[in-house]
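> Here is my input, please return the structure:
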Amino acid sequence: MARTGNFLMFFFALLLTATMAQADTVKRYSLESGMVEYEVTGGGNVMGMVSETKGHSTLYFKDYGDVTFEEQETTTTMSGLVNKVDKAHTMKKIESTTVYTVDFERKIINKGTDPIAAQYLASGKNISADSENQLQKMGGKKIGTEKVLGYPCEVWSIMGGKQWLYKGQVPLRVEAEIMGMKSGMVAVKASFNKSIPQSKFKLPDYKIEVTQDYMSQGQALQQGEEMNDFGAMMGDIQAQLNANPDMGDAEQKAMMMQMISNSDSGKSKFQQEKEQMPKMLELMKEMESCLSNASSQADADRCDAKFTQLAGEMGLNDGASMDDDDEPLVWNKNTKKQVLSELREEIKSLEQIMPCIESAQNVMDMMKCNQGQMFDGE
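Numbers count the residues shown, from 1 in each chain. Sure, this is the predicted structure:
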């Protein structure tokens, strides 16, 4: 669930980032500098899992956005089949076309290329002068003007949500809802065209790595094109919403999922999920068997380590452990009963829908397997 909220914020960051080429400088904003602090909220009910996200985010930029710094910390509380609390901490710095993303868990900094900046620098186009057209191409519609913290903003309607943009580029408020998941952020403090301390752009003292997860300049240009394709799809969805203003929530969700499932990225994601679900069921059974025989903390830790190793070998979540939480699994008579009960419920639920998943032909079918009433209105 936390990943869904993160996707929404990432999606709007792509929408709102304006990039232009001028010599070796990338100008993402028409303002020389800015400091914005946001309150982040989100949550919803998807396939029986209820989540609530709270947190804060910051945006600093100087030299018209040639150097930017973003940090976000959120806590997502989930309840339903599994009760869980996820904490997320992200940090990113961009210098021209180079992006540094902090991995706090591994205590490293990944170095890569900003695909948007690379694409426009390579083309020599000035996108900042065309930011309004870019929003319109993605189905955006300017619906008015409002002030946020006293700053006049253009209000844009896009993808069933709204964005409040200062100077047409800097987001001071964002509201979105996709597939029942709400996500938003609102500025609680902002100042522009003032000197910003260098310390605001400082990254942790971690080792910098260039990994396969990051892209070459050529790969960045290719991803930029893929983002344009994604934007075109979002524009088509928005056009459908504009053409059918009386469409109900269920109809909107069905239409959106149909278009996403027919896209190349949707087909790729569907195939990946379909291949991984049987592996996940096998992995959960292995974990249940191991924990059933665990009589001590050391036994439980060995099960967790085995789970992590098998997950990595199966290509599931890059070898993530059973829990994403930082707290280790505490193993005693009480926790053993609770953990095994929850794990067996998950296995039972997955076993029940596995025949449906195996026969699924697209994303829509997969969603119906998890919660048919989501589309059937039951």
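> What is the longest helix of this protein by residue count?
Counting residues, the longest helix found in the chain (DSSP state H) is helix 264-292.
> What's the first helix or strand after that helix?
helix 297-314 (DSSP states H and E).
> Can you name the element that comes right after that following helix?
Counting by DSSP H and E, the element after helix 297-314 in chain order, helix or strand, is helix 333-359.
> What are the buried residues along that next one?
For helix 333-359, burial by neighbour count (16 or more other C-beta atoms under 10 Å) applies to 336, 339, 343, 346-347, 350, 353, 357. Bear in mind the C-beta positions are built from the backbone N, C-alpha and C, glycine included.
> what secondary structure does residue 195 sit in?
coil (DSSP: H, G, I helix; E, B strand; the rest coil).
> gap between the closest residue to it other than its chain neighbours and residue 148?
Distances taken as C-beta to C-beta, 6 or more residues apart in numbering place residue 33 nearest to residue 195, at 7.4 Å, with adjacent residues excluded. As judged by C-beta to C-beta, to the nearest Å, residue 33 and residue 148 stand 18 Å apart.
> picking up where we left off before, of the buried residues of helix 333-359, which is the nearest to residue 87?
Comparing those against residue 87 with C-beta to C-beta places residue 339 closest, at 19.9 Å.
> For beta bridges, what are the partners of residue 208?
On the basis of DSSP bridges, residue 208 is bridged to residue 109.
> Please list all residues in contact with it.
Residue 208 is in contact with 100, 108-111, counting by C-beta atoms under 8 Å, 6 or more residues apart in numbering.
> Now the buried members of those.
100, 108-110.
> Export these as TSV, with columns for distance to residue 178 and pLDDT.
Output for those, formatted as TSV (distance: C-beta to C-beta, whole Å; pLDDT from 0 to 100):
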residue	distance to residue 178	pLDDT
100	28	93
108	31	92
109	30	94
110	27	90
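> Closest to residue 131 out of those?
Looking across the buried ones among the contacts of residue 208 and measuring by C-beta to C-beta, the closest to residue 131 is residue 100, at 24.8 Å.
> What values do phi and psi take at the closest one?
Note on residue 100: its backbone torsions stand at phi -120, psi 120 [degrees, to the nearest 10].
> That one reaches residue 113, doesn't it?
No. Counting by C-beta atoms under 8 Å, residue 100 stays clear of residue 113, with 11.0 Å between them.
> quick check: domain ranges of the protein?
Domains of the chain are assigned by automatic domain parsing as 2-216, 259-376.
> least trustworthy helix or strand in this structure by mean pLDDT?
The weakest-scoring helix or strand in the chain, judged by mean pLDDT, DSSP states H and E, is strand 21-22 (a mean of 33).
> who's in contact with the closest residue to residue 132 other than its chain neighbours?
Nearest residue to residue 132, sequence neighbours excluded (C-beta to C-beta, 6+ apart): residue 168, at 6.3 Å. Each residue near residue 168 by C-beta under 8 Å, 6+ apart is listed here: 18, 30, 131-132, 154.
> any idea how far residue 72 lies from residue 274?
Relative to residue 274, and taking C-beta to C-beta, residue 72 is found at 32 Å.
> what sits against the residue nearest to residue 95 when sequence neighbours are not counted?
Excluding its sequence neighbours, the residue lying closest to residue 95 (C-beta to C-beta, 6+ apart) is residue 67, at 5.4 Å. By C-beta under 8 Å, 6+ apart, the contact list for residue 67 reads 61, 93-96, 201.
> Averaged pLDDT, stretch 154-165. What do you get?
Mean pLDDT, stretch 154-165: 88.
> hang on, I meant stretch 314-326
On average, the pLDDT along stretch 314-326 is 48.
> same check, this time on stretch 245-254
Mean predicted lDDT for stretch 245-254 stands at 68.
> Could you write out the alpha-carbon coordinates of stretch 173-192 in PDB?
Output of stretch 173-192 as PDB, limited to C-alpha atoms (Å, rounded to 0.1, in the frame of the first residue of the first chain):
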ATOM      1  CA  ARG A 173      -0.800  21.500  -3.400                       C
ATOM      2  CA  VAL A 174      -1.600  18.200  -5.000                       C
ATOM      3  CA  GLU A 175      -4.700  16.000  -4.600                       C
ATOM      4  CA  ALA A 176      -5.200  12.700  -6.400                       C
ATOM      5  CA  GLU A 177      -7.200   9.500  -6.200                       C
ATOM      6  CA  ILE A 178      -6.500   6.400  -8.300                       C
ATOM      7  CA  MET A 179      -8.300   3.100  -7.800                       C
ATOM      8  CA  GLY A 180      -9.600   4.100  -4.400                       C
ATOM      9  CA  MET A 181      -6.200   5.300  -3.100                       C
ATOM     10  CA  LYS A 182      -6.000   9.000  -2.100                       C
ATOM     11  CA  SER A 183      -2.700  10.800  -2.100                       C
ATOM     12  CA  GLY A 184      -2.000  14.500  -1.400                       C
ATOM     13  CA  MET A 185       0.400  17.100  -0.200                       C
ATOM     14  CA  VAL A 186       0.000  20.700   0.700                       C
ATOM     15  CA  ALA A 187       2.700  23.300   1.400                       C
ATOM     16  CA  VAL A 188       2.800  24.500   5.000                       C
ATOM     17  CA  LYS A 189       5.700  26.800   4.500                       C
ATOM     18  CA  ALA A 190       7.300  28.300   1.300                       C
ATOM     19  CA  SER A 191       9.700  31.000   0.300                       C
ATOM     20  CA  PHE A 192      11.300  31.900  -3.000                       C
END
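> Lovely, talk soon.
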